[in-house]
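Asks: show me the folded form of this:
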Amino acid sequence: MIVINTPHIEKDINECIVSSDIESKNSIKKLWFKVSNFDENLILTEHSDAFVIGVLFYALECGENVHVRGKISQKLLHNINNYLIDALCLSNSNFKKIKLTSDQISGSNLCIQDVAATGISCGVDSFSTFYRHFQEDKPFKIEYLTFFNVGSHGDFGGEKARGIFNERFEQAKEFAKDINLPIIKIDSNLSEFLKLNFLQTNTLRNVACILLLQKAIKNYYLASKNRYDFFKLNPKDNQDFDTLLLPLLSTESTTIHSAVSNLKRTERTLFISEFPLTYRHLDVCTNPNASSNKNNCSVCSKCMRTQLTFDLYGRLSLYEPVFHLEKYFGMRDSYIAQVYNSRNLDPFSIDLFELIKEKNALKPKHIILAKYIVLKNAYTAIKKNVKKTLNRK
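Replies: Alright, predicted model coming up:
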């Protein structure tokens, strides 16, 4: 059995470390979250909700029941035992059904401030979420931004991932300054604790951080990956079914929303082009080391997808401050050919190819180039296999 001990908090000048000793198989590991730029009195330590969600994938992998020495949200306990565990086990046949118990349960609403928050990575999804909700009335108005280190900067954590996290935080902090909102920074050793692939576990990792903030945050907008009409119990990426997961991870104090699930990626990209702050803060790049003097390298798949979308909508010139447009135009035809080849493979390619057709951007040269790419890839694969075969002899 895995035992989650009562969380305790250590205070420093500008940050607090909330931790719990996690007992399992004759070992004790400390799981911690370092919260910066946030009132220590609004960090939830009375409940172990965050730590339960943090260790849940670990428990499912090991097939060990979980017991909380302390208190947990009644709603969360009910949803985990009755629905969440079954849903996660359906999504991944390697998981084993377990049971969660607790010394105490509480059905109290602990939220004091009744405001909303969202994460800010400065990508398309986070900006579309912010732009959609920042002018709402309380308790749906965004009054906090967040930035977490629980795997998106490196699946298994460590100092390299932490360094990337701190570098990326500077961009998010600049946006927060421009929009005049506080940004809550949360570092953690959750990645080191889990030692699991990030995409497989990302929704729950983020929710673990969110549940530390229940005293302040009544509504949290977690940017969705897909539109409502794409739903899949995908063992490789639980974002593909976050519309199922997030209601089950909400508590009496905090409701977590699958944000902008009504929009496809191309629609989100067009939507944020009406928000001028994105013209100098947008950062979608998967290869920041090659970005030179701008936010984005402009040639990785995410950069190309985003630029092509802006281009097709006639909005690309607005983003000259963050993209090397000459690099994009040098690869534009080749990228359209690649989208043509993958047009039936995933929601993003399907969505983008529909826009390409709608804007009459697909030309005969792209189809010819697409066929050439297929033949070239096939030749490369055959050559590689022949070389392997010869090396065995």
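
Asks: all helices of the protein, in order?
Replies: Taking DSSP state H to define them, one finds helices in the chain at 49-62, 74-79, 85-91, 124-133, 158-179, 190-194, 198-210, 242-249, 265-272, 278-281, 301-312, 325-341, 347-358, 364-392.

Asks: possible to save those as a markdown table with mean pLDDT?
Replies: Formatted as a markdown table, those follow (pLDDT from 0 to 100):
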| stretch | mean pLDDT |
| --- | --- |
| helix 49-62 | 97 |
| helix 74-79 | 98 |
| helix 85-91 | 97 |
| helix 124-133 | 97 |
| helix 158-179 | 91 |
| helix 190-194 | 92 |
| helix 198-210 | 94 |
| helix 242-249 | 97 |
| helix 265-272 | 98 |
| helix 278-281 | 97 |
| helix 301-312 | 97 |
| helix 325-341 | 97 |
| helix 347-358 | 96 |
| helix 364-392 | 89 |
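
Asks: quick one: contacts for the most centrally placed residue in the chain?
Replies: Taking C-alpha atoms, centre = their mean, the centroid of the chain lies closest to Asn202, which sits 6.1 Å from it. Asn202 makes contact with Gly151, Ser152, Asp237, Asn238, Gln239, according to C-beta atoms under 8 Å, 6 or more residues apart in numbering. Yep, even glycine has a C-beta here, placed from its N, CA and C like the rest.

Asks: also Asn287?
Replies: Shown in contact with Asn287 (C-beta under 8 Å, 6+ apart): Cys297, Val299, Cys300.

Asks: ok, those residues vs Phe51, which is closest?
Replies: Among those, Cys300 lies closest to Phe51 (C-beta to C-beta), at 35.6 Å.

Asks: next one: that closest one relative to Glu267, how far apart?
Replies: 22 Å (C-beta to C-beta, to the nearest Å).

Asks: can you check Asn206 too?
Replies: Distance of Asn206 to Glu267, computed by C-beta to C-beta: 23 Å.

Asks: looking at those two, which is more packed in?
Replies: Per other C-beta atoms under 10 Å, whichever of Asn206 and Glu267 has more neighbours is Asn206, with 26 against 15.

Asks: domain ranges for this structure?
Replies: Listed by automatic domain parsing, the domain ranges of the chain are 2-106, 115-259, 265-371.

Asks: and the residue lying closest to Lys99 once chain neighbours are set aside, what does it touch?
Replies: Sequence neighbours aside, Asn65 is the residue nearest to Lys99 in space, at 4.8 Å (criterion: C-beta to C-beta, 6 or more residues apart in numbering). Listed by C-beta under 8 Å, 6+ apart, the contact partners of Asn65 are Met1, Ile2, Ala59, Ile98, Lys99, Leu100, Thr101.

Asks: among the contacts of Asn287, which one sits closest to His257?
Replies: Within the contacts of Asn287, proximity to His257 (C-beta to C-beta) peaks at Cys300, which comes in at 29.3 Å.

Asks: excluding chain neighbours, what is closest to Ser317?
Replies: Leaving out its chain neighbours, the residue that sits closest to Ser317 by C-beta to C-beta, 6+ apart is Leu325, at 7.9 Å.

Asks: so the one you found sits right up against Leu318, yeah?
Replies: No. In this structure, Leu325 is not within contact of Leu318 by C-beta atoms under 8 Å, at 10.9 Å.

Asks: ok, the residue nearest to Ser317 - contacts?
Replies: Contacts for Leu325 (C-beta under 8 Å, 6+ apart) come out as Ser298, Gln307, Leu316, Ser317.

Asks: so which of these is the closest to Asp229?
Replies: Distance to Asp229 across the contacts of Leu325 (C-beta to C-beta) is lowest for Gln307, with 25.7 Å.

Asks: dump the residue contacts of that closest one.
Replies: Counting by C-beta under 8 Å, 6+ apart, Gln307 touches Ser298, Leu316, Tyr319, Phe323, Leu325, Tyr328.

Asks: which of those residues sit farthest apart?
Replies: Greatest spacing in the contacts of Gln307, by C-beta to C-beta: Ser298 and Leu316 (11.0 Å).

Asks: which residues are in contact with each of the two?
Replies: Contacts common to Ser298 and Leu316, judged by C-beta under 8 Å, 6+ apart, are Gln307, Phe323, Leu325, Tyr328.

Asks: residues near the closest residue to Asp351 other than its chain neighbours, how many?
Replies: Computed as C-beta to C-beta, 6+ apart, the closest residue to Asp351 that is not its neighbour in sequence is Lys264, at 4.7 Å. Lys264: 20 surrounding residues under other C-beta under 10 Å.

Asks: hmm, Tyr228 and Lys264 touching each other?
Replies: No. Using C-beta under 8 Å, Lys264 makes no contact with Tyr228, being 10.1 Å away.

Asks: what's the most buried one of the domains of the chain?
Replies: Highest mean neighbour count among those (mean count of other C-beta atoms under 10 Å): domain 115-259, with a mean of 20.

Asks: what's the separation between the residue nearest to Ser317 and Phe130?
Replies: For Leu325, the distance to Phe130 (C-beta to C-beta) stands at 25 Å.
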